[in-house]
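Visitor: 3D, please:
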Amino acid sequence: QVQLVESGGGLVQSGGSLRLSCAASGRTLRIPVMGWFRQAPGKEREFVASIGRSGGTTYNLDSVKGRFTISRDNAKNAAYLQMNSLKAEDTAVYYCAAGLFGARPTSLSSEYGYWGQGTQVTVSS
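Guide: Residues are numbered from 1 along each chain as shown. I've put the predicted structure just below:
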């Protein structure tokens, strides 16, 4: 079992920045892939970014367009999402996810077996 806990969400003005953190515990040895998803009220969950153990990344370019950066610290079993130039449409609950079997970063939610409880990000316009 892997437990994921997100932190760093909150209320920020449009144009501001936030850094989300995801701490993994439990069976964390060599988690291959970690990702971030988000879900806004009334909308489906959306892929944001993913990172492999070696640092390879993939982004939902349509929604983040270079404003967000995903990173990870394998020694700390942690992943991060740096969000800059935030917009009102970035308001959502952000979820961290861990995939234990894939080797490459992926946007497919079905590839992730473990999910955190989510952290709320609210961007005021």
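Visitor: Surely Glu6 is in contact with Gln120?
Guide: No - counting by C-beta atoms under 8 Å, Glu6 stays clear of Gln120, with 9.7 Å between them. C-beta coordinates here come from the backbone N, C-alpha and C atoms, glycine included.
Visitor: what's the overlap in contacts for these two?
Guide: Tyr94 (C-beta atoms under 8 Å, 6 or more residues apart in numbering).
Visitor: Tell me which of the two has more neighbours.
Guide: Neighbour count, other C-beta atoms under 10 Å: between Glu6 and Gln120, Glu6 has more, with 22 against 12.
Visitor: Apart from its neighbours in sequence, what residue is nearest the more buried one?
Guide: Thr119 (4.0 Å; C-beta to C-beta, 6 or more residues apart in numbering).
Visitor: I'd say the one you found and Leu11 touch.
Guide: No - judged on C-beta under 8 Å, Thr119 makes no contact with Leu11 at a distance of 11.9 Å.
Visitor: Of those two, give the one with the bigger neighbour count.
Guide: Thr119 (22 against 12).
Visitor: That one and Gly113, how far apart?
Guide: For Thr119, the distance to Gly113 (C-beta to C-beta, to the nearest Å) stands at 20 Å.
Visitor: sec struct for Ala75, please.
Guide: helix (DSSP: H, G, I helix; E, B strand; the rest coil).
Visitor: the strands in the protein, which residues?
Guide: Along the chain, counting by DSSP state E, strands occupy 2-7, 10-13, 18-26, 33-39, 46-52, 57-59, 68-73, 78-83, 92-99, 114-115, 119-124.
Visitor: Just send these back as a markdown table, with mean pLDDT too.
Guide: Output for these, formatted as a markdown table (pLDDT from 0 to 100):
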| stretch | mean pLDDT |
| --- | --- |
| strand 2-7 | 96 |
| strand 10-13 | 98 |
| strand 18-26 | 95 |
| strand 33-39 | 97 |
| strand 46-52 | 96 |
| strand 57-59 | 94 |
| strand 68-73 | 97 |
| strand 78-83 | 97 |
| strand 92-99 | 96 |
| strand 114-115 | 96 |
| strand 119-124 | 98 |
